[in-house]
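Engineer: no sequence on this one, just coordinates:
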RNA sequence: GUGGCUGUAGCUCAAUUGGUAGAGUGUCGGACUGUGGAUCCGAAUGUUGUGGGUUCAAGCCCCACCAGCCACCCCA
């Protein structure tokens, strides 16, 4: 038997839940004027090297990268933001005026050890707002994310926000962090020893060395005036909208392109894979990819994790059964039953027997399919024309 | 990539100290030639995750691999 690739899934019984979830999320963003963008599932490897960052774990060890027959290095997209920005630049969307508002939905690929809530092929629904440097756009993006969660019935999530500063203030914070961690360097876990040089910020969210993070200098104390004003304004906006959040200095994100605002939606009961969504501002990314300097902010939800959370809260809608099952008493009425079902199908969800079941079997099957009504067709009905 | 736990019928699980695989549920049929979901009766389905090894004998013990779960890690 040939079985599916590790970390992938066949969605069969659940396909209705997926459909409902996709439609619900889509409705919120469409009403806010966002347009769907569909980019290829694979891209030039360089795109992710340059955007996500060549020192990140995603690029270093999690990408599905291969060479095609023309010798090009291709990568199955591990995330959605970089491809959307590539498309933005390549199609000159800048010229259509700002802001530009996009959402995307589809499979992403990361080579990781699978676990509940962590697949090698997983699905993200993402939203990007391109063009505004203002904190009001941060507020809008977070508001939309919260509305999306509420629209599918999720309540027990926690929003955590932080600011990672910009090119002016982050370097001084990085120095301060390095100075703080230096005396403990030998006691840190092996991963953290590597991170110390590559990306000190990541030390803050290490679970093993969490005790050191508690007293570490906080980014919020090192923000430059502009970044601090931006962050304070965003917090005020969130307060005004009565969106609950917690400032969490350990939210640093594993992608290099983030600047200033970063945030995560946590769903604590999901265990280790409790981040159901996350995002942030990436004011330097478009320029880094060769476009003109354009600020932007966005986020993505993990569909598989949303479904786990929905299950926890018992918010998965029950799939509706049939309206009408058309039963034929004998073989002779089968075709009449099919014709009647066809006529009814303009208005109702219908089904007929194709398995040659007898009368009892058809009734059993009708009730198994949760049919609300049964129409019985026999000799008598055909004669009278009354069903 | 690292460590730990698990793997028996479609599903949920049994199987004494190793002695040659069973129940519930579901599926199909019958009791009931035009009214199901209740009840009763009957039937089908397994190379016990895969491949080796130990043994007279392995679902059970040992090794490897595969897959799932938990944690690390990673992030959605």
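Structural biologist: Yep, it's here. What you see is a predicted model; the values in this text were computed from it and never measured.
Engineer: Name the residues of stretch A:179-192 that are buried.
Structural biologist: With burial defined by 16 or more other Cβ atoms under 10 Å, the residues of stretch A:179-192 counted as buried are A:180, A:181, A:188, A:192. (C-beta placed from N, C-alpha, C; glycine too.)
Engineer: can you give me phi and psi for the third one?
Structural biologist: Backbone dihedrals for residue A:188, given as degrees, to the nearest 10, come out at phi -70, psi 160.
Engineer: So it is in contact with residue A:213, correct?
Structural biologist: No: using Cβ atoms under 8 Å as the test, residue A:188 is too far from residue A:213 to be in contact (10.9 Å).
Engineer: got any residues that touch both of the two?
Structural biologist: Residues touching both residue A:188 and residue A:213 (Cβ atoms under 8 Å, 6 or more residues apart in numbering): residue A:203.
Engineer: Tell me which residue in the stretch 201-350 of chain A sits closest to RNA strand B.
Structural biologist: Using Cβ to the nearest atom of the strand, the single residue of the stretch 201-350 of chain A nearest to RNA strand B is residue A:254, 1.6 Å away.
Engineer: show me where the stretch 201-350 of chain A has helices.
Structural biologist: Ranges of helices in the stretch 201-350 of chain A, per DSSP state H, counting those that start in this stretch, are A:210-214, A:225-240, A:285-288, A:303-313, A:334-344.
Engineer: Mean pLDDT added to those, as CSV?
Structural biologist: What follows is the helices of the stretch 201-350 of chain A, written out as CSV (pLDDT from 0 to 100):
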stretch, mean pLDDT
helix A:210-214, 84
helix A:225-240, 97
helix A:285-288, 96
helix A:303-313, 92
helix A:334-344, 90
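Engineer: Just put those helices in TSV and tack on distance to RNA strand B.
Structural biologist: Shown next, in TSV, are the helices of the stretch 201-350 of chain A (distance: least, Cβ to the nearest atom of the strand, whole Å):
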stretch	distance to RNA strand B
helix A:210-214	8
helix A:225-240	19
helix A:285-288	13
helix A:303-313	5
helix A:334-344	12
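Engineer: any idea how far residue A:233 is from residue A:138?
Structural biologist: For residue A:233, the distance to residue A:138 (Cβ to Cβ, to the nearest Å) stands at 9 Å.
Engineer: likewise residue A:132?
Structural biologist: Residue A:132 sits 9 Å away from residue A:138, going by Cβ to Cβ.
Engineer: who's more crowded, these two?
Structural biologist: Neighbours per residue (other Cβ atoms under 10 Å) separate residue A:132 from residue A:138, with residue A:138 holding more: 28 against 18.
Engineer: Nearest to residue A:265, out of the helices of the stretch 201-350 of chain A?
Structural biologist: Closest to residue A:265 of the helices of the stretch 201-350 of chain A is helix A:303-313 (Cβ to Cβ; 9.4 Å).
Engineer: Helix or strand with the lowest mean pLDDT in chain A?
Structural biologist: The weakest-scoring helix or strand in chain A, judged by mean pLDDT, DSSP states H and E, is helix A:379-384 (a mean of 82).
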